[in-house]
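> Here is the input, now give the coordinates:
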Amino acid sequence: MDLIPSFSVDHTKIVPGIFTSRVDILGDEKITTYDVRVTRPNIEPAIDVGAMHTLEHVIATYLRNDPDWKDSVIYWGPMGCLTGFYLILKGNRAPSEIYDLILGAFKSVEEAEEVPGASAVNCGNYLLHNLGMAKWYARRFADYLTENAGNSVIFEYPRSERLVTDDGRQFFDS
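Numbers count the residues shown, from 1 in each chain. Predicted coordinates for the structure are as follows:
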């Protein structure tokens, strides 16, 4: 059995960032799945489960209410490996074109005073939330995106560039 494309990406070289995972055609419409990688797979610990769940709720609410993007959002949800999220949008934009959307979504977590939909009626595991840790991860990722805004490494799946570790956040020679 052949590996699916997302299992053929070299996870030892992925850094945090926003990447095109795949583009599908549904009828006459292109649908793009983005890999929004918050931590380094197999290097950094997985995101805390309660924080991941909270990030899912807060950011999904942000995305589905953004006046410019809400009609394009199909899905926002966690990766099973707990290192990031998948965002599925109508259309086919370069990852750099959704940079401001993703940055704004993660910055919105810092402003959250409660977790939307965190009740027994609205959520299948409403007790599994951690807003404090979600804010920490969101701030860390937003800072990383801001610091690396001009670096293509946060928008392109890694190739064979030489891996270097500077301060734990800069991973490729430019």
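
> Could you use CA atoms for every contact and neighbour count after this?
Will do.

> Please enumerate the strands of the chain.
In the chain, the strands defined using DSSP state E lie at 17-26, 29-37, 73-78, 84-90.

> Give me the packing partners of the third one, helices and strands only.
If I follow you right, that is strand 73-78. Packing partners of strand 73-78 (3 or more Cα pairs under 8 Å, 6 or more residues apart in numbering; DSSP states H and E): helix 49-65, strand 84-90.

> I'd like the distance between the residue positioned nearest the centre of the chain and residue 122.
Geometric centre of the chain, nearest residue: residue 36, 2.5 Å, by Cα atoms, centre = their mean. Note on residue 36: its distance to residue 122, by Cα to Cα, to the nearest Å, is 25 Å.

> again with residue 157
For residue 157, the distance to residue 122 (Cα to Cα) stands at 36 Å.

> the more surrounded of those two?
Using other Cα atoms under 10 Å, the more surrounded residue of residue 157 and residue 122 is residue 157, with 19 against 10.

> Name the residues linked to residue 88 by a beta bridge.
Beta-bridge pairing for residue 88 (DSSP bridges): residue 33, residue 75.

> Show the contacting residues for residue 107.
Neighbour list for residue 107: 138-139, 142 [criterion: Cα atoms under 8 Å, 6 or more residues apart in numbering].

> Most neighbours out of those residues, which is it?
residue 138 (23 neighbours).

> From what I see, that residue and residue 104 are in contact.
No. With contacts counted by Cα atoms under 8 Å, residue 138 stays clear of residue 104, the gap being 10.3 Å.

> Tally up the residues packed near residue 68, please.
Per other Cα under 10 Å, the neighbour tally for residue 68 reads 10.

> Isn't residue 33 up against residue 21?
Yes. Look at residue 33 against residue 21 with Cα under 8 Å: they come within range, at 5.4 Å.

> Run through the protein and note the low-pLDDT ranges.
Along the chain, the model assigns pLDDT under 70 to residues 1-8, 159-174.

> try 90 this time
For the chain, the stretches with pLDDT under 90 are 1-13, 157-174.

> quick revisit: could you export the strands of the chain as CSV, including distance to residue 110?
Formatted as CSV, the strands of the chain follow (distance: least, Cα to Cα, whole Å):
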stretch, distance to residue 110
strand 17-26, 19
strand 29-37, 18
strand 73-78, 18
strand 84-90, 18
